[in-house]
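1. Got a sequence here, can you model it:
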Amino acid sequence: MVLGGGLAGLYAAYGLATAGRRVIVIEREFEPGGILRGHSLGSHRFSLAEAPLATTDSKLAEDLIGLFSSGLVTAGTPPPPPRLRWNGGDLAVPIRFKDLIQGLAPAIRGDLVLSQLTAGFRRGSATSPRDAAEVIRSRFGAPLCQLVIQPDLERYWGQTLKDLAPAAADLPMRAFLATAPPPSDAPPVWTVGTGPDLVAARLAHAVQALGGKIFYGAEVEEVVLGEGEDHQVVIRDLLSPEGEAPSRIAISSQGVLSTIPLRGLIRALGNRVPAQIHASSYYLTHLPIQAYACLIRKERCLDHLTIHFRDRPFLRISEPNYFSATRQIDDDSTLIVIEVPGRAPQHSSDGWQTILEALESERICQRGEILATQLLHAPGGHPILRKDGEAHLQRIQDCLSRFPDLALAGACGRFTYASPAEAMISGRAAAATLTERSA
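-> Residues are numbered from 1 along each chain as shown. I've put the predicted structure just below:
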């Protein structure tokens, strides 16, 4: 049983089905893909992903090539880099330090250079950092942290750096600033020339073609982990007729692979885990994803695949058509996805007016060119790695590790911030672990 039909769960199910296992996937939504499932606006299909799926993992690339026979998977040419609007210009991400300091006042530039030199000496310190702020300061120096990194990270997470665990400093910052050039022997980057929602759809089709089953519109209600291989997962049908009690189905299983949020899994396990574990699960929080999809009466809005904005009411803007080789494209319109801070009020008129003003000032589009708007909101978005949640997360993971026929994968299953490719690789690893245990 695979709980969750996102990329991690579907790739895990694909690996299990390919190995000859009977597999069932439970997905709460009515389309595969999880957070990155497909959406429609006008003639455009899109996902909340800000970039195409890219990986250096050769096994993942090999499987994707098998799924996409139309030449959509290419090697050697990484996707176009996103851009950061900074100091009056656009910089490629990851940002090089020498580009970042261009145009700054000499005094500020001198502080940044000096802090980089001293930060290099501090990186070898044996003391463990207490929070994300210490990690950022030791890696990049205090001036760069205060000038660039701290405002952006705190705005993104809605938390102060001192409230975030040290691991939170790695993402999304690890792809934001270039600390060293890539090695000459780095493996090739494989890129899928379409959105993750189509990858999820292809995986779902492949799982079903191999004999697997996918229950859409089904919520995990109870997970019963018995002795040996005597396990059951109880699901609730979300499509029950109005006025009738929801249908409940109990399915026997040899093993359970979960990619759903840990809090939901703990609740489904019920009294099979101690009360202290239930209490710890409430210290795990998520950053909601809130975005506007806007259909624009233009052929193109952006000059780059993705633009990260500073000092604007949105976090980033992407134009899915940049990597949309298989979409039905209307030549008279394009579509942009505007991600706003997850804690912002939903669709307040004042907030929307501020966004419109920023779109016009950035010359992305005029409000009269917007044909349609759709608000997308995912309450259980990215896991927030809070400092006060570290001990609780460890307690939960120690407890769940005692169940030999339970494996966790994906961003929410392991409570980590993961790229789509990383989530898929974790699903493959979890599937291999379950296969080895059952063998």
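2. Show me what the strand or helix carrying Y11 is in contact with.
-> Element membership for Y11, per DSSP states H and E: helix 7-18. By C-beta atoms under 8 Å, 6 or more residues apart in numbering, the surrounding residues in contact with helix 7-18 are 2-3, 23, 25, 27, 32-34, 36, 60, 63, 196, 199-200, 203-204, 206-207, 210-212, 257, 259, 409-411, 413, 418, 420, 423-424, 426-428, 430-432, 434-435. No exception for glycine: its C-beta is placed from N, CA and C like everyone else's.
3. Where does the prediction get shaky in the stretch 201-350 of the chain?
-> Across the stretch 201-350 of the chain, the ranges flagged by pLDDT under 70 are 323-331, 343-347.
4. Tell me where it has helices.
-> Ranges of helices in the stretch 201-350 of the chain, per DSSP state H, counting those that start in this stretch, are 262-269, 275-281, 349-361.
5. For the shortest one, buried residues please.
-> With burial defined by 16 or more other C-beta atoms under 10 Å, the residues of helix 275-281 counted as buried are 277-278, 280-281.
6. now swap in the longest one and tell me
-> Buried positions in helix 349-361, judged by neighbour count with 16+ other C-beta under 10 Å: 351-352, 355-356, 358-359.
7. nearest to L335, of these?
-> L335 has its nearest neighbour among these in L359, at 13.6 Å by C-beta to C-beta.
8. which one is the closest one nearest to, not counting chain neighbours?
-> In space, L359 comes closest to C365 once its chain neighbours are excluded; the distance is 5.5 Å by C-beta to C-beta, 6 or more residues apart in numbering.
9. which SS class is that neighbour?
-> coil (DSSP: H, G, I helix; E, B strand; the rest coil).
10. circling back to that earlier point, ok, of the contacts of helix 7-18, which come out buried?
-> Using 16+ other C-beta under 10 Å, the buried ones in those are 2-3, 23, 25, 27, 32-34, 36, 60, 63, 196, 199-200, 203-204, 206-207, 210, 212, 257, 259, 409-411, 413, 418, 420, 423-424, 426-428, 430-431, 434-435.
11. ok, back up a step: so what's the residue nearest to L359 scoring on pLDDT?
-> Note for C365: predicted pLDDT of 95.
12. do you know which of the helices of the stretch 201-350 of the chain lies nearest L67?
-> Across these, L67 has its closest neighbour in helix 262-269 (28.2 Å, C-beta to C-beta).
13. Might you quantify the distance of the closest one from its chain's geometric centre?
-> Centroid displacement of helix 262-269 relative to its chain, using C-alpha atoms, centre = their mean, to the nearest Å, is 20 Å.
14. Counting by contacts, list what that helix packs against.
-> strand 218-225, helix 275-281, helix 390-400, helix 410-414 (3 or more C-beta pairs under 8 Å, 6 or more residues apart in numbering; DSSP states H and E).
15. now the angle from whichever helix or strand comes after the shortest one to helix 7-18?
-> Per DSSP H and E, helix 410-414 leads on to helix 420-438 as the next helix or strand towards the C-terminus. The directions of helix 420-438 and helix 7-18 differ by 40 degrees, with axes from the mean of the first three to the mean of the last three C-alpha atoms, to 10 degrees as the criterion.
16. Averaged pLDDT, helix 420-438. What do you get?
-> Helix 420-438 comes out at a mean pLDDT of 92.
17. Which residues does that helix contact?
-> 6-13, 15-16, 19, 21, 36, 49, 53-55, 57, 59-60, 196, 199, 229, 254-255, 257, 259, 404-405, 407-411, 413-414, 418.
18. Just the buried residues of those residues.
-> 6-13, 15-16, 21, 36, 49, 53-55, 57, 60, 196, 199, 255, 257, 259, 405, 407-411, 413-414, 418.
19. now stretch 45-57: how far from the chain's centre is it?
-> Relative to its chain's centre, stretch 45-57 lies at 10 Å (C-alpha atoms, centre = their mean).
20. So this structure: which segments form each domain?
-> Under the assignment automatic domain parsing, the domains of the chain span 2-38+58-66+195-284+383-438, 95-175.
21. Could you dump these into a markdown table and include distance to P183?
-> Listed next are the domains of the chain as a markdown table, based on distance: least, C-beta to C-beta, whole Å:
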| stretch | distance to P183 |
| --- | --- |
| domain 2-38+58-66+195-284+383-438 | 17 |
| domain 95-175 | 16 |
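22. P187 is nearest to which of these?
-> Ranking the domains of the chain by their distance to P187 (criterion: C-beta to C-beta) puts domain 2-38+58-66+195-284+383-438 first, at 7.1 Å.
23. Quick check: end-to-end length of that closest one?
-> Terminal residues of domain 2-38+58-66+195-284+383-438 are spaced 15 Å apart (C-alpha to C-alpha, to the nearest Å).
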